[in-house]
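Asks: 3D model of this:
(chains A, B, C and D)
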Number of protein chains: 2
Amino acid sequence: MTREDAPARRRDADATKAALLAAATTLFAERGFEQTTVRDIAAHAKVNQALLFRYFGSKDALFQATLATSSRQMIAETPPEKLVARTLALMLAPDAPKADASPFYAVLRSSSHEQAASAVRQDIGADYARVLASLTDEPNADIRADLVLAWLLGIGLLRSVVNKQPLADADPAVISDCVLKAVAVLLERSAQHVYAD
Amino acid sequence: MTREDAPARRRDADATKAALLAAATTLFAERGFEQTTVRDIAAHAKVNQALLFRYFGSKDALFQATLATSSRQMIAETPPEKLVARTLALMLAPDAPKADASPFYAVLRSSSHEQAASAVRQDIGADYARVLASLTDEPNADIRADLVLAWLLGIGLLRSVVNKQPLADADPAVISDCVLKAVAVLLERSAQHVYAD
DNA sequence: CAGCGTTGTAAGCAAGCGCTTACAACGCTG
DNA sequence: CAGCGTTGTAAGCGCTTGCTTACAACGCTG
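Replies: Below you'll find the model as predicted:
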């Protein structure tokens, strides 16, 4: 974002902010909001914890900042008919919480937290649902879209949070295959597209 | 459970235990484990909070006790081919968290908590998956079963925890219809059975 | 190089948490 | 009715939490 010319200044507010944001993103995805303390985040970022409050104001605001840096761009970059397949691939990848799917997992592990819920309601989730609903001509397209979104969330929950076997160690390809076939029934018109990829 | 003959004794350990268990079940389902304090539970049960520790030992043990009193009996009482439909009906009913589906929601709102996760892994979830897997002859029956379970969890999450529209206010019949059709594809052999009810 | 805003540090505060303790009130048993 | 285990109560302990404060070190600007 900001200019990255000078090689590691000793006093660098932007670098500190970025380190805090990165540490928070990782830890929120791994443990959820409540189980992550500001001391954890500061330690992980190798930064004094008072700076967290100087630069972000509160733990809540930092959480919101991590959610804002969401995987929204994937929705914009992915053709609608491949969204489910792409998202599944992302979510099912090993160490997904540490990678690009981290906002997903942050939300799953903090679902009771109001800001996480509203992120799903209004931001990330709403974007997904909008795109998914455009894939079908069936009545109740928007409800069907929500059901697909619910499935994606549930799979992440059961596989990576709860760690239920055999799902936790199942081959992503097998999961994708099953899910996409069933989703094709839900979003009928575009069966052949969704199934592709 | 215990004899219920005497009309409201003034000092009644069993009644106190039951009141605590009921209050805990309700509150854990409504707010999750972390957001519920022992003081909340004691107040809701109209009982001194020290008694919670006398009778249950710890907040964790009380949580486990609420999960043990699970809706396991429904699995035993329901014919396998109607399990998905029955569970959906239960989960989609208004005020589901306050009713018989409460362990479901306690788990959803406390998914990061290890005991909640292990309840899904080993107890409630394992029972569900076992029955669901018996419904199909497809390869990977157990993975398909987990995927159905994941869907149920995801729907509860998105509808009642996150409160996403339009799913949150959608007609249970519409949801059931969509889900059962898609589940029939996943668990193929018994399409006609699953779709029934 | 004096002055000053910016960045980093150390210490601690108030509040809430799970849990414990010390004690009082009750009611069955001898 | 004396004795005693059971049930209920009030108070608070020790710890962790999010957050604040007071201060030191740095480095740009005049």
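Asks: check contacts around residue A:175.
Replies: Residue A:175 sits next to A:88, A:92, A:155, A:167, B:143, B:147 when contact means Cβ atoms under 8 Å, 6 or more residues apart in numbering or on different chains. Placement of C-beta: from N, CA and C, glycine included.
Asks: what's the most distant pair in these?
Replies: Set against one another by Cβ to Cβ, the contacts of residue A:175 have their most distant pair in A:88 and B:143, with a gap of 13.6 Å.
Asks: what sits closest to residue A:86 if chain neighbours are left out?
Replies: residue A:78 (5.0 Å; Cβ to Cβ, 6 or more residues apart in numbering or on different chains).
Asks: no wait, residue A:60
Replies: Taking Cβ to Cβ, 6+ apart, and ignoring the residues beside it in sequence, residue A:60 has residue A:115 as its nearest neighbour in space, at 6.4 Å.
Asks: how about that neighbour, what does it touch?
Replies: Taking Cβ under 8 Å, 6+ apart as the test, what residue A:115 contacts is A:60, A:63-64, A:67.
Asks: quick one: mean pLDDT over the longest helix along chain A.
Replies: Ranked by residue count and defined by DSSP state H, the top helix of chain A is helix A:13-31. Within the predicted structure, the mean pLDDT of helix A:13-31 is 97.
Asks: cool, stretch A:39-50 as well?
Replies: If you average the pLDDT over stretch A:39-50, you get 98.
Asks: hmm, that stretch in reach of chain B?
Replies: No - Stretch A:39-50 lies out of reach of chain B by Cβ under 8 Å from any Cβ of the partner chain, never closer than 14.2 Å.
Asks: wait, doesn't residue A:81 sit right on residue A:135?
Replies: Yes - Residue A:81 is within contact range of residue A:135, at 6.3 Å (criterion: Cβ atoms under 8 Å).
Asks: which one's more surrounded, the two?
Replies: The neighbour count for residue A:81 versus residue A:135, taken as other Cβ atoms under 10 Å in any protein chain shown, is higher for residue A:135 (25 against 19).
Asks: and the residue lying closest to residue A:187 once chain neighbours are set aside, which of the three is it?
Replies: Distance criterion Cβ to Cβ, 6+ apart; nearest residue to residue A:187, sequence neighbours excluded, is residue A:136 at 4.0 Å. Reduced to three states with DSSP: H, G, I helix; E, B strand; the rest coil, the structure at residue A:136 is coil.
Asks: residue A:122 now?
Replies: Using three-state DSSP, the secondary structure recorded for residue A:122 is helix.
Asks: between the helix or strand hosting residue A:67 and helix A:13-31, how many degrees?
Replies: When elements are defined using DSSP states H and E, residue A:67 is found to belong to helix A:59-68. For the pair helix A:59-68 and helix A:13-31, the angle between their directions (axes from the mean of the first three to the mean of the last three Cα atoms, to 10 degrees) equals 90 degrees.
Asks: and helix A:59-68, does that touch DNA strand D?
Replies: Yes - shown here: helix A:59-68 in contact with DNA strand D (Cβ under 7 Å from any atom of the strand) through A:59-60.
Asks: show residues contacting that helix.
Replies: Looking at helix A:59-68 with Cβ under 8 Å, 6+ apart, the contacting residues turn out to be A:20-21, A:24-25, A:28, A:33, A:38, A:41, A:52, A:56, A:102-103, A:106-107, A:110, A:113, A:115-116, A:119, A:123-124.
Asks: need the buried ones from those selected in ChimeraX.
Replies: This is how ChimeraX selects the buried members of those, with burial counted by 16 or more other Cβ atoms under 10 Å in any protein chain shown:
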select /A:20,21,24,25,28,33,38,41,52,56,102,103,106,107,110,113,116,119,124
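Asks: quick one, domains of chain A?
Replies: Under automatic domain parsing, the residue ranges defining each domain of chain A are A:13-68, A:72-195.
Asks: pick the most buried one from those.
Replies: domain A:72-195 (a mean of 20; mean count of other Cβ atoms under 10 Å in any protein chain shown).
Asks: related to what we said a few turns ago, can you pull the pLDDT of the residue nearest to residue A:60?
Replies: Reading off the confidence values, residue A:115 has pLDDT 93.
Asks: from DNA strand D, how far out is it?
Replies: 12 Å (Cβ to the nearest atom of the strand, to the nearest Å).
Asks: okay, who's weakest in the contacts of residue A:115 by pLDDT?
Replies: Minimum confidence in the contacts of residue A:115 sits at residue A:67, scoring 93.
Asks: anything in the helix holding residue A:67 near DNA strand C?
Replies: No - judged by Cβ under 7 Å from any atom of the strand, helix A:59-68 stays clear of DNA strand C, getting no closer than 13.3 Å.
Asks: okay, which residue is most central for chain A?
Replies: For chain A, the residue sitting closest to the mean C-alpha position, by Cα atoms, centre = their mean, is residue A:104 at 2.3 Å.
Asks: any chance you could list what contacts the helix or strand that that residue is a member of?
Replies: Of the helices and strands defined by DSSP H and E, residue A:104 is found in helix A:102-108. For helix A:102-108, contacts defined as Cβ under 8 Å, 6+ apart pick out A:25-26, A:28-30, A:32-33, A:63, A:66-67, A:69-71, A:91, A:96-97, A:116-117, A:119-120, A:124, A:153, A:156-157, A:160-161, B:111.
Asks: how about the CA coordinates for it, as PDB?
Replies: The C-alpha coordinates for helix A:102-108 follow below in PDB (Å, rounded to 0.1, in the frame of the first residue of the first chain):
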ATOM      1  CA  SER A 102      -8.500 -16.800   6.700                       C
ATOM      2  CA  PRO A 103     -11.400 -14.400   6.900                       C
ATOM      3  CA  PHE A 104     -13.600 -17.400   6.300                       C
ATOM      4  CA  TYR A 105     -12.200 -19.200   9.300                       C
ATOM      5  CA  ALA A 106     -12.000 -16.100  11.500                       C
ATOM      6  CA  VAL A 107     -15.800 -15.800  11.000                       C
ATOM      7  CA  LEU A 108     -16.400 -19.500  11.700                       C
END
